[in-house]
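Undergrad: I'd like to go over a predicted model; first the sequence, then the structure.
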Amino acid sequence: MEDLSTQLKAGNKFFTTLLQTKNSKLMFIRIIGFMAMLIVGYLYLTDGHYSKLAGYFIYMSLACTIIPLPTPPYVIGMGKIFDPEIIALVGAFGNLISAFFEYYFLTWLFSTTELQQKIEANKYFQRFVQFFNRSAFSCIIFTSFSPIPLDPFYLTAILTRYSLVKYLLALFIGKSLRYYLLAQVGDSFQIPNLYLIIMLIALVLVPVIIAFALKRNQAKACKVSEKSAI
């Protein structure tokens, strides 16, 4: 039996390949998400009490796998203003909206092309599905609670048409627990907004830098293989 790290490695490799395939077509959606992040950040720093909460709900309703908006700094910041229970529930319900539309959007996107068949034939996907099916509900809860991005679990649930009700319920449990703890951090430590802004910038830039580095290394590897072939 292969261990968890091996399965995650296979799932992440498959997921990275899939993102590279669909990256250009999803870029417009992600630009909208980035603009939403700037607008909501402005509301948090300048606007009224309830406008902050409304902006937070809208922001969390956009944050999902295809719009990877960074949520921890925002949740911590909102925990400085509102009760952690409120932030946990509002954030989790917002994520349910984004997850609901993402579920049907990706289902439609893959079913209208030949990509669904290519995905199902992918050996990394087949291996990951076997692992996922052993404890799908628990996997989604763990994924939703974990601070580490584990997108292959979400993607596998959608591609295998896992029960939408169970998917949303597991996501709500994991997300609400995670946001409650983050909001407690904000409430207990009252972290200055400047530090939260720095954290937000880091969470936006680090994945971009990593993706650029991986793409650059891949390009170098291709050039080396071409030279070797010659």
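TA: Nice, thanks for sending it over.
Undergrad: How much space separates residue 33 from residue 70?
TA: Residue 33 sits 10 Å away from residue 70, going by C-beta to C-beta, to the nearest Å. Using the backbone N, CA and C atoms, a C-beta is placed for each residue, glycine as well.
Undergrad: burial of residue 217, as a residue count?
TA: A total of 10 residues lie near residue 217 under the criterion other C-beta atoms under 10 Å.
Undergrad: Does it belong to a helix, a strand or coil?
TA: Three-state assignment for residue 217 (DSSP: H, G, I helix; E, B strand; the rest coil): helix.
Undergrad: any idea how far residue 151 is from it?
TA: Noted for residue 217: a distance of 21 Å to residue 151, by C-beta to C-beta.
Undergrad: which parts of stretch 50-64 are buried?
TA: Within stretch 50-64, the residues scored as buried using 16 or more other C-beta atoms under 10 Å are 52-53, 55-56, 59-64.
Undergrad: What are the contacting residues of it?
TA: Residues from elsewhere that reach stretch 50-64 (C-beta atoms under 8 Å, 6 or more residues apart in numbering): 32-33, 36-37, 39-40, 43-44, 47, 69, 71, 74, 78, 81-82, 86-87, 90-95, 97-99, 101-102.
Undergrad: can you rerun that using 7 Å?
TA: Residues outside stretch 50-64 that contact it (C-beta atoms under 7 Å, 6 or more residues apart in numbering): 33, 36, 40, 43-44, 69, 71, 74, 78, 81-82, 90-91, 94-95, 97-99, 102.
Undergrad: Now restrict those residues to buried residues only.
TA: 33, 36, 40, 43-44, 69, 71, 74, 78, 81-82, 90-91, 94-95, 97-99, 102.
Undergrad: so what's residue 95 closest to, chain neighbours aside?
TA: residue 175 (5.0 Å; C-beta to C-beta, 6 or more residues apart in numbering).
Undergrad: which residues touch that neighbour?
TA: Applying C-beta under 7 Å, 6+ apart, the residues contacting residue 175 are 91-92, 95, 144.
Undergrad: And the furthest pair within those residues?
TA: Greatest spacing in those, by C-beta to C-beta: 91 and 144 (11.2 Å).
Undergrad: Which secondary structure state does the residue most central in space within the chain sit in?
TA: Nearest residue to the geometric centre of the chain (C-alpha atoms, centre = their mean): residue 65, 3.8 Å. Under the three-state scheme (three-state DSSP), residue 65 adopts coil.
Undergrad: mind listing what it touches?
TA: 102, 151, 154-155.
Undergrad: what do you get for residue 183?
TA: 75, 78-79, 84, 87-88 are the contacts of residue 183 under C-beta under 7 Å, 6+ apart.
Undergrad: Quick one: the helices in the protein, in order.
TA: Along the chain, counting by DSSP state H, helices occupy 4-46, 49-62, 72-79, 84-111, 115-121, 123-134, 136-145, 151-159, 164-189, 193-229.
Undergrad: would TSV of those helices with mean pLDDT be doable?
TA: Output for these, formatted as TSV (pLDDT from 0 to 100):
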stretch	mean pLDDT
helix 4-46	65
helix 49-62	90
helix 72-79	96
helix 84-111	92
helix 115-121	77
helix 123-134	86
helix 136-145	94
helix 151-159	86
helix 164-189	97
helix 193-229	78
